[in-house]
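Asks: Sequence plus the predicted model coming up.
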Amino acid sequence: MPHQMHIFDNGGELATALADRVAAQLRSSITANGEATLAVSGGSTPKAFFQALSTRQLDWSKVKITLVDERFVPADNPRSNHLLVQTHLLQNQAAQADFAPLYRPEATIEEAAVTASGAVPGMTKPFDVVILGMGTDGHTASFFPGGDHLAASLDLSKPRRVMTMEAPGAGEARLTLSFSALHDAGLLVVHIEGAEKKAVLEKALSAKNEAEMPIRAVLERAATAPDIFWAP
Ligand SMILES: O=C(O)[C@H](O)[C@@H](O)[C@H](O)[C@H](O)COP(=O)(O)O
């Protein structure tokens, strides 16, 4: 699926433009459906975007937010994506949004994945907005090269769900939405910044092996053409 490239002079301009685009999509979904759903990634890249989006005027009480992926750690752990979203996005206007975490305090991560699958939006119909990041190894969400459930996570014949992932480059065990839950979002964004990530993207676009660079599944097989937002 051909992607659309959006290039900005700096991260601040990207954050403003992406916040405006996402807010417009959420407003449109609320008008059409009475609600809107948003799945966001963690990492260091999205902070400025989260802060900009948190100030946008819309009926946030009708917005359900979850994570694309999460470390299997509680929200008070500094590595928690829930903590990142709580700190930078669920503030200001967006504080009224409903947030559904992936981490669940179950005895095992497998049980947490089952509980989360029954509790997060996007499991019965497409998300209105999905924001993906990308690592320099070509991972996105927790679709890591060498992941123990990588093939299953990218298999579009499998149901929308929260699943577990362990991989050499992932650190803690992860909870991740499946590609089947992400690929058909109304607005599917890949948000990357810096020259190194641009080079990684170009490498990803130059070949097809998804096990080597899982981001290729998003670039090649998503039902929704991805919008790539990049700044130096
Ligand atoms: O939990 C996470 O870390 C993210 O969901 C992950 O997929 C992230 O988007 C990339 O690792 C990029 O992270 P940076 O923005 O920190 O480069």
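Replies: Yep, it's here.

Asks: and the lengthiest helix in the chain, how far from the chain's centre?
Replies: For the chain, the longest helix by residue count, based on DSSP state H, is helix 11-33. How far helix 11-33 lies from its chain's middle: 15 Å, per CA atoms, centre = their mean, to the nearest Å.

Asks: The helix or strand that it is followed by pairs with which strands, and in what direction?
Replies: Sequence order places strand 36-40 as the next helix or strand after helix 11-33, per DSSP states H and E. Strands flanking strand 36-40 in the sheet, each with its direction: strand 63-67 (parallel), strand 129-132 (parallel) (DSSP bridges).

Asks: C-alpha coordinates for strand 36-40, PDB please?
Replies: Output in PDB follows, covering the C-alpha atoms of strand 36-40 (Å, rounded to 0.1, in the frame of the first residue of the first chain):
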ATOM      1  CA  ALA A  36     -13.500   7.900  18.700                       C
ATOM      2  CA  THR A  37     -10.700   5.500  19.400                       C
ATOM      3  CA  LEU A  38      -7.000   6.100  19.500                       C
ATOM      4  CA  ALA A  39      -4.000   3.800  20.000                       C
ATOM      5  CA  VAL A  40      -0.600   5.400  20.600                       C
END
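
Asks: Stretch 213-220: which residues count as buried?
Replies: 213-219 (16 or more other CB atoms under 10 Å). Heads up, the C-betas are built off the backbone N, CA and C, glycines and all.

Asks: What segments of the chain are strands?
Replies: In the chain, the strands defined using DSSP state E lie at 4-7, 36-40, 63-67, 69-71, 98-100, 129-132, 162-165, 174-177, 187-193, 227-231.

Asks: Out of those, which gets nearest to the ligand?
Replies: Checking those against the ligand by CB to the nearest ligand atom gives strand 69-71 as the closest, at 4.6 Å.

Asks: can you tell if that closest one touches the ligand?
Replies: Yes - using CB under 6 Å from any ligand atom, a contact is recorded between strand 69-71 and the ligand, made by residue 69.
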